[in-house]
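In: got a predicted structure plus its sequence, pasted below:
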Amino acid sequence: MYNQLISLGLLITILPVSAELSQLSEDDLGGVSGQAGITISARADFDDGTKVAFSNENIPQTDYDQNGNYIGSGATWIVFDDISGSIEMKNLDIDLIDGVGPNEDKGAVQLTLPEYIDVNELKTKGVYLGNGPEVAYDSADNSTSHLFLIGLEIDGRLTLPAATKVNIFPVEQ
């Protein structure tokens, strides 16, 4: 009997399983109700020198020099250079809802902002816009290969108003 239970358990765990994600129409999304969303609590720790770089090839792109002057077209990157510190959030809720928008006829993604965001000595050398994922620094004239947008240094707790909700929904142009 014991061996049969083990065999049955193994058979159940190795059965092929498949799942499919498919796009919902606006009407189908509007008909979704009673579904639970997800709640995210997370912490990100950045070692000294961490870099995050992003480019989207589907967006019309242009290049700028360090003074903000247009210099042509090409891949434009946003680069968060030399990040260190940590950031943590508690209980960010994400849900699908309906009945939003100017005519209350749209489905939406609803974010309930987290209870708090803790930031522990989060800093970056800078946030840059330029033509590649690497920012080159020239110490001779204190210039960079990318346009400097902003530098960040944040420390402390941001406590958000209770259950602040943000709805993200499509609009026609």
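Out: In hand now; what should we look at? Numbers count the residues shown, from 1 in each chain.
In: please count neighbours and contacts with C-alpha atoms only from this point.
Out: OK.
In: neighbours of Ile38, just the number please.
Out: Ile38 has 12 neighbours, counted by other C-alpha atoms under 10 Å.
In: in the host helix or strand of Asn120, what counts as buried?
Out: In this assignment (DSSP states H and E), Asn120 forms part of strand 116-130. Under the neighbour-count criterion of 16 or more other C-alpha atoms under 10 Å, strand 116-130 has 116-120, 122-130 buried.
In: show me what that strand is packed up against.
Out: Applying 3 or more C-alpha pairs under 8 Å, 6 or more residues apart in numbering; DSSP states H and E, one finds that strand 116-130 makes contact with strand 63-64, strand 77-100, strand 147-159.
In: quick one: Ser55 and Val171, what's the gap?
Out: Remark: distance between Ser55 and Val171 (C-alpha to C-alpha, to the nearest Å) = 25 Å.
In: the two: which is more packed in?
Out: Ser55 (17 against 8).
In: what's the closest non-adjacent residue to that one?
Out: In space, and not counting its chain neighbours, Ser55 is closest to Trp77: 4.6 Å by C-alpha to C-alpha, 6 or more residues apart in numbering.
In: tell me where the model's unsure across the chain.
Out: 1-22, 24, 26-36, 57-75, 173 (pLDDT under 70).
In: again, 50 this time
Out: For the chain, the stretches with pLDDT under 50 are 5, 7-15, 17.
In: still on that earlier bit, quick one: the strand holding Asn120 to strand 77-100, angle?
Out: Computed by axes from the mean of the first three to the mean of the last three C-alpha atoms, to 10 degrees, the angle separating strand 116-130 from strand 77-100 equals 130 degrees.
In: could I have strand 116-130 exported to PDB, CA atoms only?
Out: C-alpha atoms of strand 116-130 as PDB (Å, rounded to 0.1, in the frame of the first residue of the first chain):
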ATOM      1  CA  TYR A 116       5.800  52.200   3.200                       C
ATOM      2  CA  ILE A 117       9.000  52.400   1.300                       C
ATOM      3  CA  ASP A 118      12.200  52.100   3.300                       C
ATOM      4  CA  VAL A 119      15.300  53.500   1.600                       C
ATOM      5  CA  ASN A 120      18.700  52.900   3.200                       C
ATOM      6  CA  GLU A 121      21.500  55.100   1.900                       C
ATOM      7  CA  LEU A 122      20.400  54.700  -1.800                       C
ATOM      8  CA  LYS A 123      22.500  56.800  -4.000                       C
ATOM      9  CA  THR A 124      23.800  57.000  -7.600                       C
ATOM     10  CA  LYS A 125      26.500  58.800  -9.300                       C
ATOM     11  CA  GLY A 126      23.900  60.000 -11.700                       C
ATOM     12  CA  VAL A 127      21.000  59.200 -14.100                       C
ATOM     13  CA  TYR A 128      22.200  59.700 -17.700                       C
ATOM     14  CA  LEU A 129      20.700  59.800 -21.200                       C
ATOM     15  CA  GLY A 130      23.000  58.800 -24.100                       C
END
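In: thanks again, I'm all set now.
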